[in-house]
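Undergrad: need coordinates for the below:
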Amino acid sequence: MEARLSFPGQVLGCNYSGDQDDIGHYLFLGSGDFHPIGLVLHTGKPLAMLDPYSGEAKEMSLLSVERILRQRFGLIMACDNAQVFGILIGEKPGQMRRTLALRMKRMLEKHGKKGYLMALEHVSPELIDFYPVDAFVNTACPRIAIDDAVRYKKPLLTPFELEVVLGEKQWELGYQFDEIP
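TA: Residues are numbered from 1 along each chain as shown. The predicted structure is shown next:
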């Protein structure tokens, strides 16, 4: 199998394995916070962001990541009494994590909650916000829960965040970033 990374230090998609000790600072060209957050969490190194669509340049620091994670923790707390979850499964190649979705469903059932599997080619608020669930768990593209969460009327959790809601994992032991290896 060919390596996914073309150049040392290059990060593509959700794979942060290109990090090297001699790299001191990263440059991210793109939009959204998902990939920069993942890289900063994975490496602990500073990252400059340049959005070619808006022309905006900014820094993604550990302090910025902490602020975003506090917002994520707020979503977790909002799901404390949730009983019914929609579990999103992406149908796009490379984003189809059915095994993870089934594991989330079984975990919900173990805790006396309901989980409904929802397979979608494209995940967007227009396609799911009307479902009679308390919250969603995203097993599709991991970026959706981080970059697009504010677009949804109901909380949109990552698998790790659901595990925290259910008491299976502890937030205080460190955030586990959702990525597709």
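Undergrad: poorly predicted segments of this structure, please.
TA: Applying pLDDT under 70 to the chain flags residues 1-15, 17-18, 181.
Undergrad: what residues of the helix ranked longest in it count as buried?
TA: Identified as the longest helix of the chain according to DSSP state H is helix 62-78. Neighbour counts over helix 62-78 (16 or more other Cβ atoms under 10 Å) mark 64-65, 68, 72, 75-76 as buried. All C-beta spots, glycine's among them, are computed from the backbone N, C-alpha and C.
Undergrad: what sits against the closest residue in space to Lys113 that isn't next to it in sequence?
TA: Among residues not flanking Lys113 along the chain, Gln83 sits closest, at 5.4 Å (Cβ to Cβ, 6 or more residues apart in numbering). The contact partners of Gln83, taken as Cβ atoms under 8 Å, 6 or more residues apart in numbering, are 113-114, 134.
Undergrad: repeat for Met107
TA: Met107 touches 162-163, 166, 168, counting by Cβ under 8 Å, 6+ apart.
Undergrad: at 7 Å what do you get?
TA: 166, 168 (Cβ atoms under 7 Å, 6 or more residues apart in numbering).
Undergrad: over to Lys153?
TA: By Cβ under 7 Å, 6+ apart, the neighbours of Lys153 are Asp129.
Undergrad: quick check: the gap between it and Ser61.
TA: 31 Å (Cβ to Cβ, to the nearest Å).
Undergrad: now swap in Asp22 and tell me
TA: Distance from Asp22 to Ser61, by Cβ to Cβ: 21 Å.
Undergrad: give me the more crowded residue out of these two.
TA: Neighbours were counted for Asp22 and for Ser61 using other Cβ atoms under 10 Å; Ser61 has more, 13 against 6.
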